[in-house]
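I'd like to go over a predicted model; first the sequence, then the structure.
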Amino acid sequence: MDTYIDLRDVRLTGYVSQALIVLVAAESVWGTVNDWQGGSSSWSFLAIVLILPAAVAFILWFRNATHNAEAIALHGVRMVSQVWKASDPEQRDVPFDQRVASPLIKPWQYAFLAMVLGDVLESLLLDTPLYVVFSTLSTVCAVAAAGLGCFVIWRISAMQQRFAVPPRKRR
(Lines give C-alpha, C1' and ligand atoms only; values in the text may rest on other atoms or scores of the structure.)
Protein backbone atom coordinates (compact mmCIF):
# COMPACT_ATOMS: atom_id res chain seq x y z
CA MET A 1 0.00 0.00 0.00
CA ASP A 2 1.58 3.26 -1.07
CA THR A 3 -1.02 5.76 0.18
CA TYR A 4 -0.24 7.22 3.60
CA ILE A 5 -2.36 9.60 5.64
CA ASP A 6 -1.29 11.76 8.57
CA LEU A 7 -3.35 10.11 11.32
CA ARG A 8 -3.60 10.44 15.07
CA ASP A 9 -1.74 7.68 16.87
CA VAL A 10 -4.34 5.50 18.58
CA ARG A 11 -1.93 2.92 19.93
CA LEU A 12 -1.33 4.45 23.39
CA THR A 13 -5.00 5.11 24.16
CA GLY A 14 -5.78 1.67 22.75
CA TYR A 15 -3.25 -0.02 25.06
CA VAL A 16 -4.51 1.93 28.07
CA SER A 17 -8.12 1.08 27.19
CA GLN A 18 -7.29 -2.59 26.82
CA ALA A 19 -5.37 -2.69 30.11
CA LEU A 20 -8.20 -1.03 32.02
CA ILE A 21 -10.80 -3.27 30.40
CA VAL A 22 -8.81 -6.35 31.40
CA LEU A 23 -8.44 -4.93 34.92
CA VAL A 24 -12.22 -4.48 35.18
CA ALA A 25 -12.79 -8.07 34.04
CA ALA A 26 -10.13 -9.47 36.38
CA GLU A 27 -11.55 -7.54 39.33
CA SER A 28 -15.03 -8.75 38.44
CA VAL A 29 -13.77 -12.35 38.51
CA TRP A 30 -12.04 -11.75 41.85
CA GLY A 31 -15.18 -10.18 43.31
CA THR A 32 -17.35 -13.06 42.14
CA VAL A 33 -14.99 -15.67 43.59
CA ASN A 34 -15.12 -13.68 46.82
CA ASP A 35 -18.95 -13.67 46.62
CA TRP A 36 -19.01 -17.47 46.25
CA GLN A 37 -16.98 -17.76 49.43
CA GLY A 38 -19.40 -15.50 51.32
CA GLY A 39 -17.12 -12.48 51.28
CA SER A 40 -17.92 -8.82 51.09
CA SER A 41 -19.85 -7.45 48.13
CA SER A 42 -17.55 -4.41 48.05
CA TRP A 43 -15.29 -6.24 45.56
CA SER A 44 -18.07 -6.25 42.99
CA PHE A 45 -18.67 -2.57 43.66
CA LEU A 46 -14.99 -1.89 42.93
CA ALA A 47 -15.46 -3.36 39.44
CA ILE A 48 -18.26 -0.88 38.80
CA VAL A 49 -15.99 1.97 39.95
CA LEU A 50 -13.15 0.76 37.69
CA ILE A 51 -15.44 0.96 34.67
CA LEU A 52 -15.24 4.77 34.79
CA PRO A 53 -11.52 5.15 33.93
CA ALA A 54 -11.87 2.36 31.37
CA ALA A 55 -14.79 4.22 29.78
CA VAL A 56 -12.83 7.49 29.67
CA ALA A 57 -9.83 5.77 28.05
CA PHE A 58 -12.10 4.02 25.54
CA ILE A 59 -13.85 7.29 24.65
CA LEU A 60 -10.48 8.97 24.03
CA TRP A 61 -9.38 6.04 21.86
CA PHE A 62 -12.70 5.99 20.00
CA ARG A 63 -12.60 9.74 19.36
CA ASN A 64 -9.17 9.47 17.74
CA ALA A 65 -10.07 6.27 15.88
CA THR A 66 -13.21 7.97 14.52
CA HIS A 67 -11.16 10.96 13.37
CA ASN A 68 -8.74 8.62 11.61
CA ALA A 69 -11.52 6.56 10.03
CA GLU A 70 -13.11 9.69 8.58
CA ALA A 71 -9.74 10.73 7.13
CA ILE A 72 -9.17 7.26 5.66
CA ALA A 73 -12.62 6.72 4.17
CA LEU A 74 -13.51 10.35 3.43
CA HIS A 75 -16.88 9.37 4.86
CA GLY A 76 -18.61 10.32 8.12
CA VAL A 77 -18.44 7.58 10.76
CA ARG A 78 -20.01 7.46 14.21
CA MET A 79 -20.29 3.80 15.22
CA VAL A 80 -17.66 1.15 15.90
CA SER A 81 -18.84 -0.92 12.92
CA GLN A 82 -18.36 2.11 10.65
CA VAL A 83 -14.89 2.75 12.09
CA TRP A 84 -14.02 -0.88 11.31
CA LYS A 85 -15.33 -0.59 7.75
CA ALA A 86 -13.44 2.65 7.14
CA SER A 87 -10.21 1.34 8.68
CA ASP A 88 -10.01 -2.01 6.88
CA PRO A 89 -7.31 -1.75 4.19
CA GLU A 90 -8.53 -4.98 2.58
CA GLN A 91 -11.83 -3.28 1.71
CA ARG A 92 -10.30 -0.03 0.46
CA ASP A 93 -11.58 -0.52 -3.10
CA VAL A 94 -15.10 -1.54 -2.03
CA PRO A 95 -17.77 1.20 -1.83
CA PHE A 96 -18.30 2.19 1.81
CA ASP A 97 -21.93 1.02 1.95
CA GLN A 98 -20.90 -2.45 0.75
CA ARG A 99 -18.03 -2.93 3.21
CA VAL A 100 -18.38 -5.52 5.94
CA ALA A 101 -17.63 -4.92 9.62
CA SER A 102 -16.35 -7.58 11.99
CA PRO A 103 -19.03 -10.05 13.08
CA LEU A 104 -17.62 -9.76 16.63
CA ILE A 105 -18.75 -6.17 17.16
CA LYS A 106 -22.41 -6.94 17.92
CA PRO A 107 -21.63 -9.80 20.37
CA TRP A 108 -19.17 -7.47 22.15
CA GLN A 109 -21.84 -4.77 22.47
CA TYR A 110 -24.47 -7.24 23.68
CA ALA A 111 -22.06 -8.78 26.19
CA PHE A 112 -21.24 -5.32 27.52
CA LEU A 113 -24.92 -4.40 27.86
CA ALA A 114 -25.64 -7.73 29.59
CA MET A 115 -22.74 -7.06 31.97
CA VAL A 116 -24.13 -3.62 32.87
CA LEU A 117 -27.64 -5.02 33.33
CA GLY A 118 -26.22 -7.83 35.49
CA ASP A 119 -24.31 -5.28 37.59
CA VAL A 120 -27.47 -3.24 38.13
CA LEU A 121 -29.50 -6.30 39.11
CA GLU A 122 -26.66 -7.51 41.29
CA SER A 123 -26.56 -4.24 43.22
CA LEU A 124 -30.37 -4.30 43.62
CA LEU A 125 -30.30 -7.84 45.00
CA LEU A 126 -27.68 -7.41 47.72
CA ASP A 127 -28.15 -9.75 50.69
CA THR A 128 -30.42 -12.12 48.74
CA PRO A 129 -29.63 -15.60 47.40
CA LEU A 130 -29.94 -14.30 43.83
CA TYR A 131 -27.04 -11.89 44.37
CA VAL A 132 -24.40 -14.55 43.67
CA VAL A 133 -26.29 -15.72 40.57
CA PHE A 134 -26.32 -12.25 39.01
CA SER A 135 -22.77 -11.61 40.17
CA THR A 136 -21.66 -14.74 38.30
CA LEU A 137 -23.66 -13.87 35.17
CA SER A 138 -22.29 -10.34 35.21
CA THR A 139 -18.74 -11.69 35.50
CA VAL A 140 -19.18 -14.09 32.59
CA CYS A 141 -20.48 -11.21 30.48
CA ALA A 142 -17.63 -8.96 31.69
CA VAL A 143 -15.00 -11.50 30.63
CA ALA A 144 -16.66 -12.00 27.24
CA ALA A 145 -17.04 -8.24 26.69
CA ALA A 146 -13.45 -7.62 27.76
CA GLY A 147 -12.05 -10.22 25.38
CA LEU A 148 -14.12 -9.05 22.42
CA GLY A 149 -13.59 -5.37 23.22
CA CYS A 150 -9.82 -5.76 23.46
CA PHE A 151 -9.78 -7.59 20.13
CA VAL A 152 -11.83 -4.87 18.41
CA ILE A 153 -9.63 -2.09 19.81
CA TRP A 154 -6.43 -3.94 18.89
CA ARG A 155 -7.61 -4.78 15.37
CA ILE A 156 -8.90 -1.30 14.49
CA SER A 157 -5.70 0.26 15.86
CA ALA A 158 -3.58 -2.15 13.81
CA MET A 159 -5.60 -1.55 10.63
CA GLN A 160 -5.34 2.22 11.02
CA GLN A 161 -1.60 1.98 11.60
CA ARG A 162 -1.22 0.55 8.09
CA PHE A 163 -2.49 3.88 6.70
CA ALA A 164 -0.32 6.07 8.95
CA VAL A 165 2.59 8.04 7.60
CA PRO A 166 5.76 6.05 8.33
CA PRO A 167 7.92 7.65 11.03
CA ARG A 168 10.86 9.68 9.77
CA LYS A 169 14.27 8.15 10.21
CA ARG A 170 16.63 10.24 12.27
CA ARG A 171 19.99 10.99 10.78
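Arrived safely.

I'd like the mean pLDDT over the helix or strand where residue 69 lies, please.
Taking DSSP states H and E as the definition, one finds residue 69 inside helix 42-73. Averaged over helix 42-73, pLDDT sits at 89.

Please spell out which residues along it are buried.
Across helix 42-73, burial judged by 16 or more other C-beta atoms under 10 Å covers 43-44, 47-48, 50-51, 54, 57-58, 60-62, 64-66, 68-73. Bear in mind the C-beta positions are built from the backbone N, C-alpha and C, glycine included.

Quick check: next helix or strand after that helix?
helix 80-87.

Give the rounded mean pLDDT of that following helix.
Averaging pLDDT along helix 80-87 yields 97.

quick one, that helix and helix 42-73 angle?
40 degrees (axes from the mean of the first three to the mean of the last three C-alpha atoms, to 10 degrees).

now for helix 80-87, which elements pack on it?
Other helices and strands packing on helix 80-87, by 3 or more C-beta pairs under 8 Å, 6 or more residues apart in numbering; DSSP states H and E, are helix 42-73, helix 105-124, helix 130-161.
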